[in-house]
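Participant: 3D, please:
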Amino acid sequence: MMLALASIIVILLAVVAVIPALLVAPGIVLLVIGLPLVMYGGGIAGAIEVMSTFTNVLSYARLMAIGMASVVLALVANELGSSMGILFVGILVAVLLHGVNVVLCMFSPSIQALRLHIVEFYSKFYEGGGRPYDPFKRGTAK
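Facilitator: Residues are numbered from 1 along each chain as shown. Prediction:
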C-alpha cells in the first residue's frame, strides 16, 4: 500500500511541476508494481482502500494548510503593524491582528482535527456494540 501511495504522490507532484516532470514515468512504473501487490493482499477492496487512504493523507494536508495560513496571517500582522507611520497605531494593529490569529488558531485546527479523527478514524477502528444508549429510559441506571 505504501508503494502505491508513494507512486500516486510522486505522479501528482510531477504533473503539477512541484518536482521534475521526468519522475512521472518512474511513478507510473511504481504504481503498476504496487497496485497488483495491493490487490493480491487485499483484493478489490485493497485497491479501493488505496484511494481511501490517499484521501486521508489529503485531509491531513488540509490541517497543514490551516497552520500555514496562520503563519501567513502572523506575517501580515507584523508587516502591517510595521508599515504604520505612528508607532502606537502600528503596535495596536499588530496586537489586534495577532489576537485574532491566536483565537483562530485555538479553534479552527482543533475542530478540523476532531472532525478528521471522528469521521475518518472511527469508521476504520471503532466497532459499535453493546446496548443502545438511551438516557431517558426507565430502569437503565445501574
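Participant: Please list all residues in contact with the spatially most central residue of the chain.
Facilitator: The centre of the chain sits closest to residue 60, judged by C-alpha atoms, centre = their mean, with a distance of 1.7 Å. Residue 60 makes contact with residue 116, according to C-beta atoms under 8 Å, 6 or more residues apart in numbering. To be clear about C-beta, it is placed using only N, CA and C from the backbone, and glycine gets the same treatment.
Participant: Verify the stated contact: residue 74 with residue 99.
Facilitator: No: here residue 74 does not reach residue 99: they are 11.3 Å apart, not a contact under C-beta atoms under 8 Å.
Participant: So those two - more neighbours on which side?
Facilitator: Remark: of residue 74 and residue 99, residue 74 carries more neighbours, 16 against 11, as counted by other C-beta atoms under 10 Å.
Participant: Can you give me the pLDDT of the more buried one?
Facilitator: pLDDT for residue 74: 93.
Participant: Repeat that for residue 64.
Facilitator: 88.
Participant: returning to that earlier point: work out for me the element the residue nearest to the centre of the chain sits within.
Facilitator: helix 24-83 (DSSP states H and E).
Participant: Kindly provide the whole-number mean pLDDT of stretch 114-123.
Facilitator: 78.
Participant: Name the residues of it that come out as buried.
Facilitator: By neighbour count on 16 or more other C-beta atoms under 10 Å, the buried set for stretch 114-123 is residue 120.
Participant: Which residues does it contact?
Facilitator: 56, 59, 60, 63.
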